[in-house]
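Undergrad: Model the following, please.
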Amino acid sequence: MEFTAKQLAQVLKGTVEGDPQARVTSFAKIEHGKSGQLCFYANPKYEQYVYTCKASILLVNKDFQPKQAVTPTMIRVDDAYKALADLLKYVTVQKRTDRRHRGFRSSWFLTTKFGKKVYLGSHSYVGHHAKVGDYTKIYENVYVGDNTVIGHHCIIYPGVVIYPGMVIGNNVIIHANAVIGSDGFGNAPLPDGTWEKIEHIGNVVIGDNVEIGAGTTIDKSEMESTIIGNGVKIDNLCQIAHNVVIGDNTVMAAMTGIAGSAKIGRNCIIAGQVGIVGHITIPDHTTIAAQSGVISSIKEEGQVVMGSPAIPLKNYLRSYAVFKKQGQ
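TA: Modelled structure (predicted):
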């Protein structure tokens, strides 16, 4: 697709400084920009590249004052980083083509209900009494179990497995090979030292505008529901155990594991390789630093915690300074 600086400025509510007819067909990092490409500048660490960049268009903040001549046409916006995110979303929407499609050897039933222009890829299966909303795309080799509900404008990438009875909201993206609704790790010890499986008869409920990374697994509950709130973003290779509740707009980086029945608040930030034990509560607006281990409930909202076991960041840094001295 091709865009002019004038068109992009209108979309982003920015102003053009330079040639309004400058055209771009692709995007690049500012250090790699070439003619016909759009780049953006937001981090002062990259200012040196502003003056060497050969891109046709450069997104910058309104208050940016260049110290040298700038070759690209600039589009000034309130926040260049956010504007880039908005622009990429706009381009994705423009490229999207919604059409009804039933792929080779895809399977469904008379009781399956599809909305408008649902795409069902080859070798995918949608079970009895399942419901799929308007404009949803289910790519190749996907399994959707009986009685599952999937909202509108969702994207289910290849290899995803959605067990029977799951509930998925609108505008949800599930990346390749994620598993939604597998049994939780529930086993009861017996007197002879063996373990008896605890059956899981609940489900997973996923809210609107959620994104779930490749290879992530979300277990269904023993009873009731494992709940993923609206706007939650989960990275690749995460494990969400049975009966977990994750509040709205919480984000979680790769390789995080949350044990059963933990409750995570709204607007939390969970960095990579975090481990959270079961049956604890993490309040709203908590930030958990990478590789931390949370072994007890956090009492106050808005804290940043770090370490294993995780403690408030200031306490961790003081403790680490003492620990570091012991090795000198």
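Undergrad: all helices of this protein, in order?
TA: Per DSSP state H, the chain carries helices over the ranges 5-12, 47-50, 80-95, 313-326.
Undergrad: The last one: how far from the chain's middle?
TA: Distance of helix 313-326 from its chain centroid, counting by C-alpha atoms, centre = their mean, to the nearest Å, is 33 Å.
Undergrad: Can you list the low-confidence ranges for the stretch 201-328 of the chain?
TA: Along the stretch 201-328 of the chain, the model assigns pLDDT under 70 to residues 327-328.
Undergrad: TSV for the helices of the chain, including mean neighbour count and distance to residue 238?
TA: C-beta: built from backbone N, CA, C; applies to glycine. Output for the helices of the chain, formatted as TSV (neighbours: other C-beta atoms under 10 Å; distance: least, C-beta to C-beta, whole Å):
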stretch	mean neighbour count	distance to residue 238
helix 5-12	18	32
helix 47-50	16	34
helix 80-95	14	22
helix 313-326	11	23
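Undergrad: and those as CSV, adding distance to residue 204?
TA: Formatted as CSV, these follow (distance: least, C-beta to C-beta, whole Å):
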stretch, distance to residue 204
helix 5-12, 36
helix 47-50, 45
helix 80-95, 26
helix 313-326, 32
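Undergrad: out of the ones you listed, nearest to residue 273?
TA: helix 313-326 (16.0 Å; C-beta to C-beta).
Undergrad: elements contacting that closest one?
TA: Counting contacts by 3 or more C-beta pairs under 8 Å, 6 or more residues apart in numbering; DSSP states H and E, the secondary-structure elements packed against helix 313-326 are strand 304-306.
Undergrad: quick one, what contacts the closest residue to residue 299 other than its chain neighbours?
TA: The spatially closest residue to residue 299, leaving aside those adjacent along the chain, is residue 283, at 7.4 Å (C-beta to C-beta, 6 or more residues apart in numbering). For residue 283, the contacting residues are 265, 298, 299, 300, 301, 302, 303, by C-beta atoms under 8 Å, 6 or more residues apart in numbering.
Undergrad: Give me the PyMOL select line for those, limited to the buried ones.
TA: The PyMOL selection below is limited to those of the contacts of residue 283 classed as buried (16 or more other C-beta atoms under 10 Å):
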select buried, resi 265+298+303
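Undergrad: What is the nearest of the contacts of residue 283 to residue 99?
TA: For the contacts of residue 283, the nearest to residue 99 is residue 265 (40.4 Å; C-beta to C-beta).
Undergrad: Report the separation between the closest one and residue 321.
TA: 30 Å (C-beta to C-beta, to the nearest Å).
Undergrad: what's the answer for residue 80, then?
TA: 37 Å.
Undergrad: Same check on residue 256?
TA: 27 Å.
Undergrad: Look at residue 276 and say how many residues are nearby.
TA: 23 (other C-beta atoms under 10 Å).
Undergrad: ok now do it, which residues does it touch?
TA: Applying C-beta under 8 Å, 6+ apart, we find residue 276 in contact with 256, 257, 258, 259, 262, 264, 270, 282, 288, 293, 294.
Undergrad: can you count the residues close to the fourth one?
TA: Summarising burial for residue 259: neighbours were counted as other C-beta under 10 Å, giving 20.
Undergrad: Let me see the backbone angles for it.
TA: In terms of degrees, to the nearest 10, the main-chain angles of residue 259 are phi -80, psi 170.
Undergrad: Excluding covalently adjacent residues, which one is nearest to it?
TA: residue 278 (3.5 Å).
Undergrad: Which of the contacts of residue 283 sits closest to residue 14?
TA: Nearest member of those to residue 14, counting by C-beta to C-beta, is residue 302, at 33.2 Å.
Undergrad: Identify the residues contacting the spatially closest residue to that closest one that is not a sequence neighbour.
TA: Nearest residue to residue 302 in three dimensions, chain neighbours excluded: residue 285, at 4.5 Å (C-beta to C-beta, 6+ apart). Taking C-beta under 8 Å, 6+ apart as the criterion, residue 285 is in contact with 265, 266, 267, 268, 301, 302.
Undergrad: Rebuild those as a markdown table, extending it with distance to residue 118.
TA: Formatted as a markdown table, these follow (distance: C-beta to C-beta, whole Å):
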| residue | distance to residue 118 |
| --- | --- |
| 265 | 35 |
| 266 | 32 |
| 267 | 33 |
| 268 | 34 |
| 301 | 41 |
| 302 | 42 |
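Undergrad: Now the residue nearest in space to the middle of the chain. Nearest residue, chain neighbours left out?
TA: The chain has residue 233 as the residue nearest its centroid, 3.2 Å off, counting by C-alpha atoms, centre = their mean. Distances taken as C-beta to C-beta, 6+ apart place residue 251 nearest to residue 233, at 4.5 Å, with adjacent residues excluded.
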